[in-house]
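A.B. asks: my questions are about this predicted structure, shown below with the sequence.
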Amino acid sequence: MKTPYYGMFTKGGNAKVQKIVDAARNERMRWRVVEVMLYELSKDRKYPEAWDTAVRDAVYIELMETNGYTECGRIL
């Protein structure tokens with residue numbers, strides 16, 4: 001399966017974000033937890049863009065489409 005593009009600069013970065021998305025789906029995480037995970041990933045010198053608005057938006061949209069996140073970040 002091809003890893004979606006989340007706005008990361010490398011395929012490896014997109015793969016790291018995909019792991020976060022998968023965890024959020026599997027564990028039905030609240031949006032705030034996902035944000036913290038993206039922020040923590042951005043602390044790695046290889047992936048500072050993980051905290052960019054474009055990346056966060058792409059992840060949020062992906063989760064909205066697959067998990068039923070509401071606007072306030074709770075899962076339906």
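C.D. replies: It's in. Just so you know, these numbers come straight off a predicted model, no measurement behind them. Residues are numbered from 1 along each chain as shown.
A.B. asks: only C-alpha atoms for contact and neighbour calcs from this point on.
C.D. replies: Noted.
A.B. asks: tell me which other helices or strands the longest helix seen in the chain touches.
C.D. replies: Taking DSSP state H as the criterion, the chain has its longest helix at helix 11-27. The helices and strands touching helix 11-27, judged by 3 or more CA pairs under 8 Å, 6 or more residues apart in numbering; DSSP states H and E, are helix 31-42, helix 53-67.
A.B. asks: ok, Ala50 to Asp22 distance?
C.D. replies: According to CA to CA, to the nearest Å, Ala50 and Asp22 sit 16 Å apart.
A.B. asks: neighbour-wise, which of the two wins?
C.D. replies: The neighbour comparison of Ala50 against Asp22 (other CA atoms under 10 Å) goes to Ala50, with 27 against 12.
A.B. asks: pretty sure that one sits against Met8.
C.D. replies: Yes. Judged on CA atoms under 8 Å, Ala50 makes contact with Met8 at a distance of 6.7 Å.
A.B. asks: just to revisit the earlier point, to Asn14, which of the helices and strands packed on helix 11-27 lies closest?
C.D. replies: Among the helices and strands packed on helix 11-27, the nearest to Asn14 by CA to CA is helix 53-67 (9.3 Å).
A.B. asks: which ones are touching the spatially closest residue to Gly7 that is not a sequence neighbour?
C.D. replies: Once flanking residues are discounted, Gly7 sits nearest to Val55: 5.1 Å by CA to CA, 6 or more residues apart in numbering. The contact partners of Val55, by CA atoms under 8 Å, 6 or more residues apart in numbering, come to Tyr6, Gly7, Met8, Glu49.
A.B. asks: circling back: now the helices and strands packed on helix 11-27 in TSV, with distance to Ala15?
C.D. replies: TSV is the format used below for the helices and strands packed on helix 11-27 (distance: least, CA to CA, whole Å):
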stretch	distance to Ala15
helix 31-42	12
helix 53-67	12
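A.B. asks: of the ones you listed, which shows the lowest average pLDDT?
C.D. replies: Mean pLDDT is lowest for helix 53-67 out of these, coming in at a mean of 90.
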